[in-house]
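how does the following fold in three dimensions:
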Amino acid sequence: MYSVTKVIHFCYGHRLLHYRGKCRYLHGHNGKAEIELSAQRLDARGMVRDFEDVSRTIQRWIDDVLDHAMLLNRKDPLVPMLKRERLFLMDGNPTAERIAQVIFAYGVQTGFPVTAVRLWETPHSHATYRPPVRARR
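Residues are numbered from 1 along each chain as shown. Take a look at the predicted model:
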């Protein structure tokens, strides 16, 4: 199995509903997404996937949709007040785990062989999303 990882830096804001710590307040992060692509075989160029392909598709989407956006739970009572701001609404709290899953889903949806996404929320804390392993028969 071969794998490559593309690192993408972006900034975002968020807050967590029903949370007692500091993250219940609006705040921001300088995030780093590590997108792992894997393949059993290399293509004719000797690659899992060209890093430039990842930049053109996944990084562009992150830049256009998530970068400098406020990521919020769609049920957050602040959403109507922030409707003129750059928002990305999620079906739950915008935790590092869920943000990693959103990036993973976009990568797979656009045809990349994504096997894991690690989202660094701070230089010392990250969450990883990888799909569930199918049960062997």
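
quick check: what element follows the lengthiest helix in the chain along the chain?
The single longest helix within the chain, with elements called by DSSP state H, is helix 96-109. Beyond helix 96-109 on the C-terminal side, the first helix or strand identified by DSSP states H and E is strand 114-122.

which strands border the next helix or strand after that following strand, and is each parallel or antiparallel?
Next helix or strand after strand 114-122 toward the C-terminus (DSSP H and E): strand 125-129. Using DSSP bridges, strand 125-129 pairs in its sheet with strand 114-122 (antiparallel).

run the angle between the strand it pairs with and helix 96-109 for me.
Angle of strand 114-122 versus helix 96-109, following axes from the mean of the first three to the mean of the last three CA atoms, to 10 degrees, is 150 degrees.

show me which residues of strand 114-122 are buried.
Residues 114-121 are the ones in strand 114-122 that count as buried (16 or more other CB atoms under 10 Å). The way it works is simple: take the backbone N, C-alpha and C, and place the C-beta from them, glycine included.

now name the helix or strand holding the closest residue to residue 51 other than its chain neighbours.
What sits nearest to residue 51 in space, not counting adjacent residues and going by CB to CB, 6 or more residues apart in numbering, is residue 6, at 5.6 Å. Using DSSP H and E, residue 6 sits in strand 2-14.

elements contacting that strand?
Under the contact definition 3 or more CB pairs under 8 Å, 6 or more residues apart in numbering; DSSP states H and E, strand 2-14 sits against strand 27-39, helix 51-54, strand 69-73.
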